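# I need the structure of the sequence given here:
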Amino acid sequence: MFSVNDDPIEMKPDPKKFKIVREHKRKDILFSVHMDQKSNSIFCGSSDSKIHLLNARDEKPQSKALEGGHTSYVSGIAQAGPHLVSGAWDKKLIWWNAKEGMVVKKIDAHDKWIRAVSASPDGKWIASTSDDMIVKLWNAASQELVKDLKGHAVTTPTDFPSMLFTARFSPDSKYLASADKIGDVIIWDLESKKELVRLKAPELYTWDDRQRFHSIGGARSVCFSPDGTKLAVSGVGKIGNVDGLGGKARISVFDWKNKKKLIEFQSGQQGLVNHLEFSHDGKWVLGGGGNQQKGFFIFLDLEAEKPKAIHEVQAPMHVHEFAFSEDQLSLQAVGHQKVLYCELKAPAPPAEKKT
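Presented below is the predicted three-dimensional model:
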């Protein structure tokens, strides 16, 4: 908020005002990000096996590495209370003292690559997903395993190993959604620790049975709406050449409790939608992603009669993940050899004067 002649002007996030303000080059690939809301600094999981702390708002950001942790790509970062929790392709979960940047506990968590790490909004749970096709639920405070959530198929319908890409908690911390390579999405009830609902998004999966005998795609991100009633699922549509990412970016939105698909959106953008976030008012959802050549941001309108984008913006790299500031007036995105600072600020309409 700022003022002119002592009259305050309130700012609000506006997708149509979205712009990339700063672009910072890097030598590594950044797969995951978590923002500290007090400082607006971000923790980034890197291909160099380290976690880097920086602030992309700065003109020349200084990057500090957290040492003594992983030995492979850091694919997931979340925070619960005083602890930062990271997962990597070395199959380990690490609890860090977020303030000091020191390792608190290191766990051999999975039998295969860890794909994602998520923390529940109430700070009680940590969820990790892996290509062993198990969602593991952890006590965030004690670092103890609470439950192996098993339900995703270990192999694809053509008997190749599957992958388990993501898991996210509902805003009330009562549910957890996880999604895999063939487009199966499971919503788990965290009180019973059992599968509650299963959704299908097979349009996100491509199997080439003629040239390469290879599959690609999958549900890469899931996200609950602020009121918890909707679930957005994203990835890429059918691909003609499975050696690339030449399919159309896709986002679907479900009334998950009733297993009803509300929106099925296909963009003109090419590549995977790797990450999703809803606006605080639930009027739009933002997807970020890309392919080997370029990236994108897609703001999907959730109030339109027919599926449409409010705004689509090209990004200078394949976007892997992004994190909003608390007011959603800005975000920081990470990906292939770049970090971005972006803004979506617009003055709120003036309040009606009372007569």
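
# Tally up the residues packed near the spatially closest residue to L340 that is not a sequence neighbour, please.
Of all residues not flanking L340 in the chain, A333 sits nearest, at 4.4 Å (C-beta to C-beta, 6 or more residues apart in numbering). In this view, the C-beta of every residue, glycine as well, is placed from N, C-alpha and C. When neighbours are counted by other C-beta atoms under 10 Å, A333 registers 26.

# Give me the pLDDT for A333.
A333 is assigned 98 on the pLDDT scale.

# Which secondary structure elements does the host helix or strand of it sit against?
Per DSSP states H and E: A333 is located in strand 330-343. Contact here means 3 or more C-beta pairs under 8 Å, 6 or more residues apart in numbering; DSSP states H and E; on that basis strand 330-343 packs against strand 19-35, strand 42-46, strand 284-290, strand 295-301, strand 308-315, strand 319-324.

# Now for the residue nearest to L340: which residues touch it?
The neighbourhood of A333, defined by C-beta atoms under 8 Å, 6 or more residues apart in numbering, consists of V33, G288, F297, A315, V319, E321, F322, A323, V339, L340, C342.

# mind checking how far it is from S225?
21 Å (C-beta to C-beta, to the nearest Å).

# still on that earlier bit, reformat the helices and strands packed on strand 330-343 as CSV; add distance to K99.
Listed next are the helices and strands packed on strand 330-343 as CSV, based on distance: least, C-beta to C-beta, whole Å:
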stretch, distance to K99
strand 19-35, 14
strand 42-46, 12
strand 284-290, 29
strand 295-301, 32
strand 308-315, 32
strand 319-324, 19
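
# Turn those into TSV, including mean neighbour count.
Formatted as TSV, the helices and strands packed on strand 330-343 follow (neighbours: other C-beta atoms under 10 Å):
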stretch	mean neighbour count
strand 19-35	18
strand 42-46	27
strand 284-290	27
strand 295-301	24
strand 308-315	17
strand 319-324	24
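
# Dump the ones you listed to a markdown table, plus mean pLDDT and distance to I186.
Shown next, in a markdown table, are the helices and strands packed on strand 330-343 (pLDDT from 0 to 100; distance: least, C-beta to C-beta, whole Å):
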| stretch | mean pLDDT | distance to I186 |
| --- | --- | --- |
| strand 19-35 | 97 | 22 |
| strand 42-46 | 98 | 24 |
| strand 284-290 | 97 | 20 |
| strand 295-301 | 98 | 23 |
| strand 308-315 | 97 | 28 |
| strand 319-324 | 98 | 22 |
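
# closest one to L231 among these?
strand 284-290 (10.3 Å; C-beta to C-beta).

# Which of the contacts of A333 sits closest to H110?
For the contacts of A333, the nearest to H110 is E321 (19.7 Å; C-beta to C-beta).

# So that closest one is in contact with N274, correct?
Yes. E321 lies in contact with N274 (C-beta atoms under 8 Å); the separation is 6.6 Å.

# Common neighbours of these two, please.
Contacts common to E321 and N274, judged by C-beta under 8 Å, 6+ apart, are G288.

# Help me confirm that K194 comes into contact with W188.
Yes. K194 is in contact with W188 according to C-beta under 8 Å; the separation is 6.9 Å.

# In terms of neighbours, single out the busier of these two.
Neighbours were counted for K194 and for W188 using other C-beta under 10 Å; W188 has more, 24 against 11.

# quick one: that one from V222, how far?
If you measure W188 against V222 using C-beta to C-beta, the figure is 12 Å.

# so what does the host helix or strand of L262 touch, helix or strand wise?
In this assignment (DSSP H and E), L262 forms part of strand 260-270. If contacts are counted by 3+ C-beta pairs under 8 Å, 6+ apart, strand 260-270 sits against strand 248-255, strand 295-301, strand 308-315.

# rewinding a little: just the closest of the contacts of A333 to V21, please.
For the contacts of A333, the nearest to V21 is C342 (6.2 Å; C-beta to C-beta).

# so how many other residues sit close to the closest one?
So C342, with other C-beta under 10 Å, has 21 neighbours.

# Just the mean pLDDT for the next helix or strand after the strand holding L262, thanks.
Per DSSP H and E, the first helix or strand lying C-terminal to strand 260-270 is strand 272-278. The predicted model gives strand 272-278 an average pLDDT of 98.

# What helices and strands are in contact with strand 272-278?
Using 3+ C-beta pairs under 8 Å, 6+ apart: strand 272-278 touches strand 221-224, strand 230-236, strand 248-255, strand 284-290, strand 319-324.

# between that strand and strand 330-343, how big is the angle?
Angle between the axes of strand 272-278 and strand 330-343 is 110 degrees (criterion: axes from the mean of the first three to the mean of the last three C-alpha atoms, to 10 degrees).
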